[in-house]
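Asks: could you work out the structure for the sequence below:
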Amino acid sequence: MKRLYLIRHAKSSWDHPELADYDRPLNDRGKKDAPFMGKLLAEEGHIPDVLLSSPAKRALGTAKRIAQELGFRKKDIRQNIRLYHADESQLLQAVQAQDDAAGSVMLFGHNPGLTEFATLLCNYEFSNIPTCGVVCLEFQTDTWKNVRYTLGTLRFFDYPKKHTKKMKSGK
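Replies: Numbers count the residues shown, from 1 in each chain. Below you'll find the predicted structure:
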């Protein structure tokens, strides 16, 4: 079995409109949401073998904050430029290229491609994966090359706004 986590980058800043899209950092909310979601994942035992991220500043910043909560070394996060605003076919290629020794992969990317990809993988209609949203899918296969559209089973879909009260209380 293979487990795939799809995570949209956390909320990004628009404070500096002169910055290229690729260079936009996380805003204050994004800097809080990412470790919060990382902590939830860690508490539930969702520790991936591989963290794979778009190198865009907001995506990599999200990956680093979640990695810290998971006890995953930031230097071991793999970056792939093809994930920057990738469409569903590019995302599928990236997943299928993973080493079969990895049982689970956590991929950090961007919309709209990430939402479309998640929808195609499991036939669940995601209207939108919100910022810092996490989709967890399982595939009944021993090889990443066999990951295909419609073959995934949705295990959970979570995002920060589901936990607004918990976040405000600091629990």
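Asks: every contact and neighbour count from this point should use C-alpha atoms.
Replies: Fine.
Asks: residue 31 falls within a helix, correct?
Replies: Yes. Per DSSP: H, G, I helix; E, B strand; the rest coil, residue 31 lies within a helix segment.
Asks: do you know how far it is from residue 131?
Replies: When distance is defined by CA to CA, to the nearest Å, residue 31 is 11 Å away from residue 131.
Asks: mind listing the shared neighbours of those two?
Replies: Residues touching both residue 31 and residue 131 (CA atoms under 8 Å, 6 or more residues apart in numbering) are 10-11.
Asks: look at these two and report which has more neighbours.
Replies: Neighbour count, other CA atoms under 10 Å: between residue 31 and residue 131, residue 131 has more, with 21 against 18.
Asks: do you know how far that one is from residue 1?
Replies: From residue 131 to residue 1 the distance is 27 Å (CA to CA).
Asks: likewise residue 118?
Replies: 18 Å.
Asks: give me the buried stretch members for stretch 68-77, please.
Replies: If you call a residue buried by 16 or more other CA atoms under 10 Å, then stretch 68-77 has these buried ones: 69-70, 72, 77.
Asks: distance between it and the chain's centre?
Replies: 14 Å (CA atoms, centre = their mean, to the nearest Å).
Asks: okay, now that stretch: how far is its last residue from its first?
Replies: Stretch 68-77 has an end-to-end distance of 11 Å (CA to CA).
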